[in-house]
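I need the structure of the sequence given here:
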Amino acid sequence: MDIFVLLKQTFDTEEKIVLQGGVVQEDGAKFVINPYDEYAVEQAIQLRDEHGGKVTLLSIGPDRTAEALRTALAMGADEAVLITDDRILGDEFEIAEILAAYLRSQSVDLLLGGNFSVDNGAGQVAIRLANLLGLPHVASITKLEITGEQALVHRDAEGDIEVIEVPLPALFTAQQGLNEPRYPSLPGIMKAKKKPFQHLTLDDISGADAILAKTTRLALSLPPERQAGRILKGELAHQVTELVQALRNESKVI
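Predicted structure coming up:
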């Protein structure tokens with residue numbers, strides 16, 4: 001099987017986000033594989049070991065993204081492709097179009113990715129990509145079984161489970177609970193240094209240089225600090241009146 005894993009490098013979830021001039025400061029920050037993408041990497045490795053084939057990691061991002069890809073190679077993936085270009089602005093439309101332009105020239109039996117990225121949290125890229133490639137798509141999967149040219153998946157559906165069967169090739173996004181991602185071993189880390197690693201720009205992908213982002217970020221700011229709670233005192237009727245006035249005049253919710 002030719003399995004591709006969509007991978008993104010994100011801030012460590014324990015990192016404190018610092019903004020200066022509307023820009024996230026990266027100096028000294030720790031970056032990791034997007035946590036949901038780790039489940040996708042692990043599932044791809046397990047399927048390759050069971051059915052044979054190759055696991056290729058595919059990412060769009062700055063040069064530092066290579067570190068996350070090397071970690072996934074150390075986990076057991078076979079190859080990595082990193083698309084880096086200063087012309088890429090990074091909105092979901094643009095990213096999906098670039099990925100589709102690359103994948104149209106590849107042999108793909110299965111595409112896996114994370115349910116969403118913990119930085120933007122949009123969850124759009126995989127859905128857009130499946131549509132561009134004309135592939136069936138199931139999100140938030142917690143179980144995946146491959147039999148011949150069919151995939152049977154369990155999907156997390158707000159506390160319930162949906163069981164869906166789709167033909168391959170197909171695209172799936174991983175939810176927590178799909179598996180337990182392995183840690184890279186020392187031999188795996190050493191082997192990762194010798195595994196194929198392609199660095200591409202838009203000029204290396206047919207038609208990608210003509211793709212333009214549809215959105216532009218105008219501003220970026222931290223949410224306002226949460227104010228301390230207020231305890232209402234007095235008779236119940238007075239408390240209700242004061243609460244309604246606060247909701248109307250201060251919170252503006254009624």
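
which other helices and strands contact whatever helix or strand Asp37 lives in?
Asp37 is part of helix 35-51, with elements assigned from DSSP states H and E. Where contact means 3 or more CB pairs under 8 Å, 6 or more residues apart in numbering; DSSP states H and E, helix 35-51 is packed against strand 2-6, strand 54-60, helix 65-75, strand 110-114, strand 137-147, strand 170-174. Placement of C-beta: from N, CA and C, glycine included.

Could you save the ones you listed as a markdown table and add columns showing mean neighbour count?
Formatted as a markdown table, the helices and strands packed on helix 35-51 follow (neighbours: other CB atoms under 10 Å):
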| stretch | mean neighbour count |
| --- | --- |
| strand 2-6 | 24 |
| strand 54-60 | 23 |
| helix 65-75 | 21 |
| strand 110-114 | 27 |
| strand 137-147 | 18 |
| strand 170-174 | 26 |
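
what about those, which gets the closest to Leu202?
With CB to CB as the measure, strand 54-60 is the member of the helices and strands packed on helix 35-51 nearest Leu202 (10.0 Å).

tell me the mean pLDDT for the closest one?
With pLDDT averaged residue by residue, strand 54-60 scores 98.

ok, it: who's next to it in the sheet?
Counting by DSSP bridges, the strands paired with strand 54-60 are strand 2-6 (parallel), strand 79-83 (parallel).

closest to Gly159 out of the ones you listed?
Nearest to Gly159, of the strands paired with strand 54-60 and by CB to CB, is strand 2-6 at 26.4 Å.

Tell me how far that closest one lies from the chain's centre.
Chain-centre distance of strand 2-6: 13 Å, with CA atoms, centre = their mean, to the nearest Å.

tilt between it and strand 137-147?
150 degrees (axes from the mean of the first three to the mean of the last three CA atoms, to 10 degrees).

what mean pLDDT does strand 2-6 have?
Taken as a whole, strand 2-6 carries a mean pLDDT of 98.

Geometric centre of this structure: which residue is closest?
Taking CA atoms, centre = their mean, the centroid of the chain lies closest to Ser117, which sits 3.6 Å from it.

if we can go back for a sec, in a markdown table, list the strands paired with strand 54-60 along with distance to Glu235.
Listed next are these as a markdown table, based on distance: least, CB to CB, whole Å:
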| stretch | distance to Glu235 |
| --- | --- |
| strand 2-6 | 59 |
| strand 79-83 | 66 |
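
All the helices of the stretch 101-250 of the chain, in order from the start?
For the stretch 101-250 of the chain, the helices defined by DSSP state H, counting those that start in this stretch occupy 125-133, 186-192, 236-249.

Tell me how confident the model is about the first one, as a mean pLDDT.
This points to helix 125-133. For helix 125-133, the per-residue pLDDT averages 96.

quick one on the thing from earlier: looking at the helices of the stretch 101-250 of the chain, which is buried most?
Of all the helices of the stretch 101-250 of the chain, helix 125-133 carries the top mean neighbour count, a mean of 20, counting by mean count of other CB atoms under 10 Å.

Contacts for that one, please.
Defining contact as CB atoms under 8 Å, 6 or more residues apart in numbering, one finds that helix 125-133 is touched by 6, 92-93, 95-97, 99-100, 103-104, 108, 111, 113, 136-137, 139, 170-171, 173.

Good, we can wrap up now.
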